[in-house]
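1. Sharing a sequence plus its predicted fold:
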Amino acid sequence: MKNLRLKSARAALDMSQQQLADAVGVSRQTINAIEKGDYNPTIKLCLAICKALNKTLDELFWE
Amino acid sequence: MEHSLGYIFGLLVGILVGVGIVALLFKLKVMDLTFDERQERARGQAYKYGFWTLLTCLLLYGFSDQIFGRWCDVLVGAILCIAAALMVFASVCIVKDAYLSLKEKPRTVMTLLAVVSALNLAIGVMNWKGGRVVQDGVLTYAAVNGICGVITLTILVVYVVNYLLAKREAGE
């Protein structure tokens, strides 16, 4: 299932996938895979993404 | 085939120098093979496919040797099996976007693969023209360069195709 909340949170900060990937220390393809719902990230990566986007886990990853 | 002590010593020194250079590049952080969690997982799957390919090829090589008799040097047989496993590993990594580490640049890797392919294929062609590749109906160790050239070229082609497809997908 696509993670549209992550995509919109990133877009709201005017960040590209590459910028977010650099901020959390992963590849751009990994961010793309998470947004497309092709990859289920670990809690460690979820927390790093939340910190980079100033969001909570609930806001980005809870269904 | 008998080789002199000097030949074997030279080969060992060459391998040691190569390993030393690679170790130094890692220590100086020129080479940095750091992958993220998704890539590590994808590479784990790729290792698995590569491992089973290697086992299958070794079995096939053993059977072929039993059935048809000696058709290649043992070294060439081993290299062929490794080549098949490496191609499967690399292809799976490339398709799953896990071939390049976080610090590697696609252009650098493509250039390196192109140079290595060209060099090995050129030596392979020279060996073929010199009649050293097949002797008495047996594929000799002189075929190793050609095989390495084909592996790197195949990986390069898979990489370029995947790169272009991903670029097109990103543009849509």
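-> Sure thing, it's come through. Residues are numbered from 1 along each chain as shown, chains lettered A, B, ... in the order given.

2. where does chain B have low pLDDT?
-> B:1-3, B:171-172 (pLDDT under 70).

3. Enumerate every residue touching B:S64.
-> Counting by CB atoms under 8 Å, 6 or more residues apart in numbering or on different chains, B:S64 makes contact with B:W71. C-beta here means a position set from N, CA and C on the backbone, and glycine is covered the same way.

4. what about it, which helix or strand?
-> Here B:S64, judged by DSSP states H and E, is contained in helix B:37-68.

5. And B:L102, by the same measure?
-> Going by DSSP H and E, B:L102 is not part of any helix or strand.

6. you'd agree it is up against A:V24?
-> No. Assessed by CB atoms under 8 Å, B:L102 is found out of contact with A:V24, at 11.1 Å.

7. who touches both of these two?
-> Here B:L102 and A:V24 have no joint contacts, going by CB under 8 Å, 6+ apart.

8. More neighbours: which of the two?
-> Using other CB atoms under 10 Å in any protein chain shown, the more surrounded residue of B:L102 and A:V24 is A:V24, with 20 against 17.

9. give me every residue that touches that one.
-> A:31, A:45, A:48-49, A:52.

10. Leaving out sequence neighbours, find the closest residue to it.
-> Spatial nearest neighbour of A:V24, excluding adjacent residues (CB to CB, 6 or more residues apart in numbering or on different chains): A:A48 at 4.2 Å.

11. Over to the one you found: give its phi and psi.
-> Backbone torsions of A:A48, given as degrees, to the nearest 10, read phi -60, psi -40.

12. Of the contacts of A:V24, which is the most crowded?
-> A:I31 (29 neighbours).

13. residues near B:E37, how many?
-> 15.

14. what's the spacing between it and A:I34?
-> 11 Å (CB to CB, to the nearest Å).

15. Does the residue nearest to A:V24 touch A:G25 like I think?
-> Yes. With contact defined as CB under 8 Å, A:A48 reaches A:G25; the gap is 7.2 Å.

16. Going along the chain, name the strands of chain B.
-> Secondary structure of chain B (DSSP state E): strands at B:134-135, B:138-139.

17. Mean neighbour count, those strands: which tops it?
-> strand B:138-139 (a mean of 17; mean count of other CB atoms under 10 Å in any protein chain shown).

18. Need the residues that contact that strand.
-> By CB under 8 Å, 6+ apart, strand B:138-139 touches B:70-73, B:76, B:133.

19. Mind doing that once more with 6 Å?
-> B:72, B:76 (CB atoms under 6 Å, 6 or more residues apart in numbering or on different chains).

20. repeat for stretch B:143-158
-> Contacts for stretch B:143-158 (CB under 6 Å, 6+ apart): B:76, B:79, B:83, B:86-87, B:90-91, B:94, B:113, B:116-117, B:120-121, B:123-124, B:133.

21. cutoff 7 Å now
-> B:76, B:79-80, B:83, B:86-87, B:90-91, B:94, B:110, B:113-114, B:116-117, B:120-121, B:123-124, B:127-128, B:133 (CB atoms under 7 Å, 6 or more residues apart in numbering or on different chains).

22. Got the domain ranges for chain B?
-> Domain assignment for chain B by automatic domain parsing gives B:1-31, B:36-171.

23. And B:V125, how close does it get to chain A?
-> 37 Å (CB to the nearest CB, to the nearest Å).

24. Quick one: the helices in the chain, in order.
-> Just so you know, I chose chain A. For chain A, applying DSSP state H gives helices covering A:4-12, A:17-24, A:28-36, A:43-53, A:57-61.

25. should've been chain B
-> B:5-27, B:37-68, B:74-95, B:106-129, B:144-171.
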